[in-house]
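>>> Quick one, fold the following:
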Amino acid sequence: MSDKKWTTPFLRQCFVTAGVSLNMGSHGFAVSYAAVLLPQLRKPDSQIKIDDSSGSWIAATIGISVIAGNFIIPTIMGKFGRRVAMITSIVPMVLGWVCIAMAESIAILIFARVLQGLAMGIGGSLGPILIGEYTSPRSRGAFLTTISLSISISVFTVHTLGSYLSWQTTALVCAFISIVDLGIVVFSPESPVWLADQGRYGDSKIVFRWLRGYNEDDELFKMIEDRKYVAQFKENFNDSLWRKVKRSIVYFKVTIKKKEFYKPIFIMLHVYALGQWSGATILVSYTVDIFENVVGNIDFALMLMILDIQRIISNVCAVFIIRRLRRRTLLFITGGITLTGFVLTTLYTYLKSKKLLFFDHPSIGVLLIHILMFSVATGSLPLSFIFAGELFPLQYRSLAGGISVVFYSICLFLALKTFSFLITSLAIYGAFCVYFLLVLYCLTVLWFTLPETKDRTLQDIEEEFRGKPSHCDGGKLENLLPNKDESR
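This is a model prediction of the structure:
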């Protein structure tokens, strides 16, 4: 981490962010790869024969193992550090791609997908947190937006590769990209926030100034002071197993009642739900079904490519928009566009099904779908990663992030699992009515609970949730843990 004349803190932040964003982009590779793999496996000349049941297992297994990764990540993040956790998330992803490329049976493919889901579960909550800790408040929003941009590019890339290459070759290309990402992460520093939490204040200062320069020392000294305040109480307790267990129980009971713990989790549950029910997943996974029900017969391959390109362009625009607009303002503007898109699409498809339209053209339905994709790609999708990197307090970041991502996984599963049922039983306009109500509920809750986070330090955001300055908090650490007399 030597200082070079040609390097600047901003470029260093770009470097470490690239490692995180590439890792998150690999999640887009994994999720969208099923659209490449399954059609090729169904061909008569395929060496691996699948049916509908085995194909669904290959596609769905990744979602199950995501939850397992969510339970692993808090321990790795807290004990071994953010950088080690990021490396831990990349390794099974690479192994998964290699297993797929060499697979000769369905069992190996499923095992590979388990590894990929595990990697996604480990890296899902880690990525936004790490970027939030690496980057300056004034640039943090733009850097966090690169996560959704990276995912969008990866979805487009794997769809394009799969159109011209075999599924084995496509897997090897994805593995190579993950290996490049591993190299970036290996040469990235540990998070200065984690170093301070471990009492390594000298190392924390070096890394912080390497990343940020010397213009943000106020945040550095405030962070170190807060970590020293917490550390002095931890030293009052010995390391006997029984006392550790007892303290952990007391700590958990009190922690779940603390505002700085449950408020960010409550908010993120609704942010993640907003992203899923706004169409972040179904617009990618059920694109053909949506075009078929909204537009009718059309060149689906062309529409898929155009929609992917539009998503990338919207994500690029979001990088610049988020630097200028306040987080809440952007969330509710794009949320309003989403609600409008659902209402217009519902009316259009209902009137179309009843043959009550005075004029109809395929471009109307295509435009409505693109409106929904624009609102998701510039609003709920990138903002969900931004808030995940800004809202959680340091002391509970790994635990709170893990809990929130578990809920994200559940929303992801429900969105994918229920879409076909909804359009079958309620038609597309009925399904979009349900999505409209869910999005409206989430926006209403967030209107009253979500704080503004733009250009604020993570410490300031944490203190707002706490309700008092950190050193005046009535729920300080010494009140969370039993004293020596009580622990005997």
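>>> so what's Pro362 up against?
Val295, Gly296, Ile298 (C-beta atoms under 8 Å, 6 or more residues apart in numbering). All C-beta spots, glycine's among them, are computed from the backbone N, C-alpha and C.
>>> now Thr346
Tyr429, Phe432, Cys433, Phe436 are the contacts of Thr346 under C-beta under 8 Å, 6+ apart.
>>> Looking at the residues you listed, which is nearest Glu463?
If you rank the contacts of Thr346 by distance to Glu463 using C-beta to C-beta, Phe436 comes first, at 36.4 Å.
>>> I'd say that closest one and Thr345 touch.
No - assessed by C-beta atoms under 8 Å, Phe436 is found out of contact with Thr345, at 9.4 Å.
>>> Those two: which is more packed in?
Thr345 (27 against 19; other C-beta atoms under 10 Å).
>>> Contact partners for Val66?
Per C-beta under 8 Å, 6+ apart, neighbours of Val66: Gly117, Leu118, Met120, Gly121, Gly124, Ser409, Leu412.
>>> From Leu144, how far off is it?
For Val66, the distance to Leu144 (C-beta to C-beta, to the nearest Å) stands at 20 Å.
>>> try Cys433
Cys433 is 32 Å from Leu144, by C-beta to C-beta.
>>> Comparing those two, which shows the higher neighbour count?
Counted by other C-beta under 10 Å, Cys433 and Leu144 do not tie: Leu144 has more neighbours, with 28 against 18.
>>> right, and that one touches Phe385 too?
Yes - taking contacts as C-beta under 8 Å, Leu144 lies within contact range of Phe385: 5.2 Å.
>>> Can you pull the residues that touch both of these two?
Common neighbours of Leu144 and Phe385 are listed as Pro128 (criterion: C-beta under 8 Å, 6+ apart).
>>> Tell me the first helix or strand C-terminal of the helix or strand hosting Ala301.
Here Ala301 is covered by helix 300-324, with elements defined by DSSP states H and E. Downstream of helix 300-324, the first helix or strand assigned by DSSP H and E is helix 327-353.
>>> in that following helix, what's buried?
Buried residues in helix 327-353, defined by neighbour count with 16 or more other C-beta atoms under 10 Å: 327-328, 330-332, 334-335, 337-339, 341-342, 344-346, 348-350, 352.
>>> Stretch 10-19 too?
Arg12, Gln13, Phe15, Val16, Thr17, Ala18, Gly19.
>>> where's the last one relative to Val66, distance?
Gly19 sits at a distance of 21 Å from Val66 (criterion: C-beta to C-beta).
>>> what do you get for the fourth one?
The span separating Val16 from Val66 equals 24 Å under the rule C-beta to C-beta.
>>> go on, Ser353?
36 Å.
>>> Residue ranges of each domain in this structure, please.
1-188, 239-488 (automatic domain parsing).
>>> Run the chain-centre distance for the last one.
If I follow you right, that is domain 239-488. 10 Å (C-alpha atoms, centre = their mean, to the nearest Å).
>>> so where's the stretch 51-200 of the chain uncertain?
52, 55-56, 60 (pLDDT under 70).
>>> got the residue ranges for the strands in it?
Assigned by DSSP state E, counting those that start in this stretch, the strands in the stretch 51-200 of the chain number zero.
>>> Helices along that one, start to end?
52-80, 82-102, 106-134, 137-164, 167-186, 192-197 (DSSP state H, counting those that start in this stretch).
>>> Reformat those helices as JSON lines; add distance to Lys417.
Below are these laid out as JSON lines (distance: least, C-beta to C-beta, whole Å):
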{"stretch": "helix 52-80", "distance to Lys417": "9"}
{"stretch": "helix 82-102", "distance to Lys417": "23"}
{"stretch": "helix 106-134", "distance to Lys417": "16"}
{"stretch": "helix 137-164", "distance to Lys417": "20"}
{"stretch": "helix 167-186", "distance to Lys417": "25"}
{"stretch": "helix 192-197", "distance to Lys417": "36"}
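>>> so how many other residues sit close to Gln47?
9.
>>> For it, pull up the helix or strand it's in.
Using DSSP H and E, Gln47 falls outside every helix and strand.
>>> Spatially, what comes nearest to it if we skip its sequence neighbours?
Glu104 (6.8 Å; C-beta to C-beta, 6 or more residues apart in numbering).
>>> Could you do Val405 as well?
Ser125 (4.1 Å).
>>> Tell me how far that neighbour lies from Ser314.
24 Å.
>>> of those two, who's got more company?
Remark: of Ser125 and Ser314, Ser125 carries more neighbours, 30 against 24, as counted by other C-beta under 10 Å.
>>> Contacts only, for that one.
Contacts of Ser125 (C-beta under 8 Å, 6+ apart): Asn70, Ile73, Ala388, Ser398, Gly401, Gly402, Ser404, Val405.
>>> Can you tell me which member of the residues you listed has the lowest pLDDT score?
Summarising pLDDT for these: the lowest-scoring member is Ser398, with 66.
>>> Flag the shaky bits of the stretch 351-488 of the chain, pLDDT-wise.
394-395, 398, 468-488.
>>> I'd say the residue nearest to Gln47 and Ile48 touch.
Yes - using C-beta under 8 Å, Glu104 makes contact with Ile48 at a distance of 6.9 Å.
>>> Name the residue in those two with the higher neighbour count.
Counted by other C-beta under 10 Å, Glu104 and Ile48 do not tie: Ile48 has more neighbours, with 16 against 9.
>>> where do the strands sit along the stretch 351-488 of the chain?
Going by DSSP E, counting those that start in this stretch, the stretch 351-488 of the chain shows no strands.
>>> Just the helices from it, written as ranges.
With DSSP H, counting those that start in this stretch as the criterion, the stretch 351-488 of the chain has helices spanning 362-375, 381-390, 397-449, 458-466, 477-480, 484-487.
>>> and those helices as JSON lines, adding distance to Leu161?
Shown next, in JSON lines, are those (distance: least, C-beta to C-beta, whole Å):
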{"stretch": "helix 362-375", "distance to Leu161": "21"}
{"stretch": "helix 381-390", "distance to Leu161": "22"}
{"stretch": "helix 397-449", "distance to Leu161": "23"}
{"stretch": "helix 458-466", "distance to Leu161": "38"}
{"stretch": "helix 477-480", "distance to Leu161": "51"}
{"stretch": "helix 484-487", "distance to Leu161": "58"}
